[in-house]
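In: Model the following, please.
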Amino acid sequence: MTSLNVDLKPKVGMSFENLNDAYEFWRAYSKGVGFGVRKRYTNKKKKDGTISSCRFVCSKEGLRRSDQRDPLVGRHRAQTRTDCKARISLGYKNGKFVIHEFVEVHNHPLQYPETTHMLASHRKITEVQALEIDLAEDSGLRQKSTFQLMSTHAGHRANLGFTELDINNYISAKRKKRMVRGEAGCLLQYFQRQLLENPSFFHAYQVDTEEKITNVFWCDANMVLDYGYFGDVLSLDTTYCTNNANRPLALFSGFNHYRGSIIFGAALMYDETIESFKWLFDTFLQAHNNKKPRTIFTDQDQAMARALAEVMPETHHGLCTWHLMQNAIKRLGNLMKGGSYFLRDLKRCMYEYDDEAIFEKAWTDLINEYKVHDRNWIKSAYALKKKWASCYMKEAFTLGMRSTQVSESLNAHFKSCMKPNLDITQFFKHFEQVV
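Out: Reported below is the predicted structural model:
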């Protein structure tokens, strides 16, 4: 034991102004000696609830309860308790907490000074480190990557003074504090702040029969301006789920005059029913002064198609050719093996034939050559041919857009910095970064 440890050694009769000072003294002593600590108990007076006595012990105090573990489990947690008796006991006397018992002897090996700081009771995230963790989280960096980066910066993970689990606990506690008003409260608070910063910010939400928020739509002033200039052709994609509740993020997106991707509005959807999509399209038009797009591209969602036909019957509905190809690969993948040219011929029907008669002949040849007369996907795709075949789409105003890949590229950006366990506050912070 060093001279510093001797100076910090507890003595019977030593007094402290409050329990926090007493516990910090016990922590400092234990760190110098080489063991972890915890609070064993505190007794309170029935009369006024003030603390009358307490005990601080070694972290290895006590024994694990009788073994109730599943015998089928191959590897159990190692024993951490050794019934160590090292402790200090304090009582409240004359306005101070006084040590009246000190047991110094341990029944287990003590830690080396080089490793003591990594015991649970001695690990600590400093204010500077907490700020770095906050910045990493705001930037979309995952917790494992954050820990690796900070370990590299410190020279080694042992130099940090905390573990990856401590980062997880810190972020979880911060999120819990941030969500004290609940998801709906945080959502409304975010919209209120946006309105104060920009009165042109538009938002709307739908509630169910229990008055709980279901679908949410929003767009800022820049999205409204962009739609006024470039909103003749747009795509709507809802295939990317943003959180562990699997709520789809719906993105209305398009091109600007530089062929760059731009967003006209976004929504978090509770479900993908006809009623939800009708509400979404009505709200989108309300946000953009009822200006309807000339053409809109979506995937093959039938509920979306029916809602679009009801709300915007004048708008030409095109199907995303990329999604069509993915569905073809998924449903007819067995036809694309062994040097088959099925996918090549399908792409030709989709992109190359501008004459309807030539398209019809090519489609018939495709069906006959690969014997797919009875395939349901082939039948359904042909029934929707006016929404994807070049010979029919040439009359539509598309500005060269044929798929929702414009929003797919945005989804890739979202996916790179967004995690499934994001709370609503972090989601909007990351959404603003991508936009």
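In: CA atoms for contacts and neighbours, from now on please.
Out: Fine.
In: and the gap between the residue lying closest to A204 once chain neighbours are set aside and L280?
Out: Closest residue to A204 apart from its sequence neighbours, by CA to CA, 6 or more residues apart in numbering: F217 at 5.3 Å. Computed as CA to CA, to the nearest Å, the F217 to L280 distance reads 7 Å.
In: Over to G155?
Out: Note on G155: its distance to L280, by CA to CA, is 52 Å.
In: who's more crowded, these two?
Out: Neighbours of G155 and L280, each counted by other CA atoms under 10 Å, are more numerous for L280; the result is 27 against 11.
In: what's the pLDDT at that one?
Out: On pLDDT, L280 comes in at 95.
In: So it: helix, strand or coil?
Out: The three-state label for L280, taken from DSSP: H, G, I helix; E, B strand; the rest coil, comes out as helix.
In: which neighbours do F217 and L280 share?
Out: Residues within reach of F217 and of L280 at once, by CA atoms under 8 Å, 6 or more residues apart in numbering, are A267.
In: Neighbours of K60, how many?
Out: 21.
In: can I assume it is in contact with C84?
Out: Yes - between K60 and C84 a contact is recorded at 5.6 Å, counting by CA atoms under 8 Å.
In: Only the buried residues of stretch 388-397, if you could.
Out: W388, A389, S390, C391, Y392, M393 (16 or more other CA atoms under 10 Å).
In: Revised request: answer the last question for stretch 270-289.
Out: In stretch 270-289, counting by 16+ other CA under 10 Å, buried: 270, 272, 274, 276-284, 287-288.
In: Now distance to I358 too, for those, in CSV please.
Out: CSV is the format used below for those (distance: CA to CA, whole Å):
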residue, distance to I358
Y270, 44
E272, 37
I274, 36
S276, 40
F277, 36
K278, 37
W279, 40
L280, 39
F281, 36
D282, 39
T283, 41
F284, 39
A287, 43
H288, 41
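In: contact partners of the one helix or strand S53 maps to?
Out: If you go by DSSP states H and E, S53 is part of strand 51-58. The contact list for strand 51-58, computed with CA under 8 Å, 6+ apart, reads 23, 26, 35-45, 84-92, 97.
In: In terms of helices and strands, where is the residue nearest to D345 when sequence neighbours are not counted?
Out: Sequence neighbours aside, L366 is the residue nearest to D345 in space, at 7.0 Å (criterion: CA to CA, 6+ apart). Following DSSP H and E, one finds L366 within helix 356-370.
In: Show me what that helix is in contact with.
Out: Applying CA under 8 Å, 6+ apart, the contact partners of helix 356-370 are L335, F342, D345, L346, C349, Y353, H373, C391, Y392.
In: Tell me where the stretch 101-250 of the chain has strands.
Out: 202-207, 213-219, 233-241, 248-255 (DSSP state E, counting those that start in this stretch).
In: Using a markdown table, lay out those strands together with mean pLDDT and distance to L308.
Out: Below are the strands of the stretch 101-250 of the chain laid out as a markdown table (pLDDT from 0 to 100; distance: least, CA to CA, whole Å):
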| stretch | mean pLDDT | distance to L308 |
| --- | --- | --- |
| strand 202-207 | 90 | 18 |
| strand 213-219 | 89 | 17 |
| strand 233-241 | 79 | 11 |
| strand 248-255 | 87 | 13 |
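In: Format those as CSV; extra columns: mean neighbour count and distance to R142.
Out: Compiled in CSV, the strands of the stretch 101-250 of the chain are given as follows (neighbours: other CA atoms under 10 Å; distance: least, CA to CA, whole Å):
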stretch, mean neighbour count, distance to R142
strand 202-207, 18, 30
strand 213-219, 19, 27
strand 233-241, 22, 18
strand 248-255, 24, 21
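In: Touching, W377 and K330? I think so.
Out: No - using CA under 8 Å, W377 is not in contact with K330, being 10.3 Å away.
In: which non-adjacent residue is nearest Y190?
Out: According to CA to CA, 6+ apart, the nearest residue to Y190 is T425 (7.6 Å).
In: Alpha carbons of the helix or strand containing the one you found, as CSV, please.
Out: In the assignment (DSSP H and E), T425 maps to helix 424-434. C-alpha atoms of helix 424-434 as CSV (Å, rounded to 0.1, in the frame of the first residue of the first chain):
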residue,chain,number,x,y,z
ILE,A,424,-38.1,10.2,-32.7
THR,A,425,-35.8,13.1,-31.7
GLN,A,426,-32.7,11.4,-33.1
PHE,A,427,-34.6,10.4,-36.2
PHE,A,428,-35.4,13.9,-37.1
LYS,A,429,-31.9,15.1,-36.4
HIS,A,430,-30.5,12.5,-38.8
PHE,A,431,-33.2,13.2,-41.3
GLU,A,432,-32.1,16.9,-41.4
GLN,A,433,-28.5,15.9,-41.9
VAL,A,434,-29.4,13.8,-45.0
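In: That one packs against which elements?
Out: Where contact means 3 or more CA pairs under 8 Å, 6 or more residues apart in numbering; DSSP states H and E, helix 424-434 is packed against helix 127-138, helix 182-197, helix 405-417.
In: one more time with 7 Å, if that's ok
Out: If you count contacts as 3 or more CA pairs under 7 Å, 6 or more residues apart in numbering; DSSP states H and E, helix 424-434 packs onto helix 182-197.
In: Take the helix it packs on, keep the C-alpha atoms, and write them as PDB.
Out: The C-alpha trace of helix 182-197 is given here as PDB (Å, rounded to 0.1, in the frame of the first residue of the first chain):
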ATOM      1  CA  GLY A 182     -43.300  10.400 -24.800                       C
ATOM      2  CA  GLU A 183     -43.000  10.000 -28.600                       C
ATOM      3  CA  ALA A 184     -46.100  12.200 -29.300                       C
ATOM      4  CA  GLY A 185     -44.900  15.000 -27.100                       C
ATOM      5  CA  CYS A 186     -41.400  15.000 -28.600                       C
ATOM      6  CA  LEU A 187     -42.900  14.900 -32.100                       C
ATOM      7  CA  LEU A 188     -45.100  18.000 -31.400                       C
ATOM      8  CA  GLN A 189     -42.200  19.800 -29.700                       C
ATOM      9  CA  TYR A 190     -40.100  19.200 -32.800                       C
ATOM     10  CA  PHE A 191     -42.800  20.600 -35.100                       C
ATOM     11  CA  GLN A 192     -43.400  23.600 -32.800                       C
ATOM     12  CA  ARG A 193     -39.700  24.400 -32.900                       C
ATOM     13  CA  GLN A 194     -39.600  24.200 -36.700                       C
ATOM     14  CA  LEU A 195     -42.600  26.500 -37.000                       C
ATOM     15  CA  LEU A 196     -40.900  29.100 -34.800                       C
ATOM     16  CA  GLU A 197     -37.700  28.900 -36.900                       C
END
